Each structure stands twice: as C-alpha cells, then as structure tokens.
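A.B. asks: just coords:
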C-alpha cells in the first residue's frame, strides 16, 4: 500500500517555501512603498500612513497607494522648477523692441528694424541708458529735472520783462495765392 506520508512532508516543505517567499515579497513591497513615498513627499505622516496601509493590507493597500501617491518625485519636481526658472531667465534676458517686438541688444541705442529709440547715451561716459533713467549708474551723472528745462510761462498778472524775448512756438501759415 502506498503511504501518503512522504508526499505530505514534501507538500509541507513546498507550502513553507511558498509562504516564506510570500512573506519576503510582502516585506519587499512594504520597503519599496516606504522608499517610494519618501522620494515623493516630505511629510512624516504620509510616510507613516503609507507604510501602515501597505503593511496591513498588502495587495489592496499597494493598489490604493499607487492610485493616491504623488505623480512626481521630489527630485523631478525640483528639476522641473529649475528648468522653468532657466526658461524664464532666458526670456527675461533677451530685450525686445517695444514697437516691433524684434530682439535687440542691451547696448543698442536704436532698433535696427523700426528705428525706435531704445536708449539714450550718457552725456559724460556715453553708456547706454534706459529712456526713463534720471541718473547714470556707471558715472553717476544726474540728469537735470524736466521741470527745470521746461519753458517758463508767464502768469496772468505778470508783465513780460525786457531782457527776454517771447517767440511764438507756431509757424506762420503759408500764404495761398488765388
């Protein structure tokens, strides 16, 4: 008669080995989830709850974690932010003409395409200065106030002085022959 005792021992060994492999796989999943959430979040609570979820519910917890985890790792997020910053700096570094929107150079006084005045030279050091600057950052020349250079107007009650001539700012209309 055939005894089932050797088959039972072999079956016990096979089931023990399979159970050991499943336990090692379960622990590997917990370690992987721990490392993955640490690379995706700085929150200690997120790490704790992820490990707890995967530890208590091995297959279901892993599926739930994969559905809820952040899409990008912290390194990917940081790299993306650096790339965006580099792109913004490239955009900001290239001056363009306000009239025709073509690229210009920081040391150009005029746009070569549309002849728009981009900058004016400093009267002392000839450095290119933005049109709205009132002081040269290179030599410290302070431009005179616009109110000082504007023409003086007489008040209503004031008489014109003899030492100054008042010339009309308009031209005489041309004579038309009929």
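C.D. replies: Yep, that arrived. The structure displayed is predicted, hence computed values, not measured ones.
A.B. asks: Show me this structure divided up by domain.
C.D. replies: 5-74, 94-149 (automatic domain parsing).
A.B. asks: Residue 80 is nearest to which of these?
C.D. replies: Across those, residue 80 has its closest neighbour in domain 5-74 (7.2 Å, Cβ to Cβ). No exception for glycine: its C-beta is placed from N, CA and C like everyone else's.
A.B. asks: Where does pLDDT dip in the protein?
C.D. replies: Residues of the chain that meet the criterion pLDDT under 70 lie in 1, 146-178.
A.B. asks: Need the domains of the chain in a markdown table (columns: distance to residue 81 and mean neighbour count).
C.D. replies: Output for the domains of the chain, formatted as a markdown table (distance: least, Cβ to Cβ, whole Å; neighbours: other Cβ atoms under 10 Å):
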| stretch | distance to residue 81 | mean neighbour count |
| --- | --- | --- |
| domain 5-74 | 11 | 13 |
| domain 94-149 | 21 | 12 |
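A.B. asks: Please name whichever of those domains is nearest to residue 83.
C.D. replies: Of the domains of the chain, nearest to residue 83 by Cβ to Cβ is domain 5-74, at 12.6 Å.
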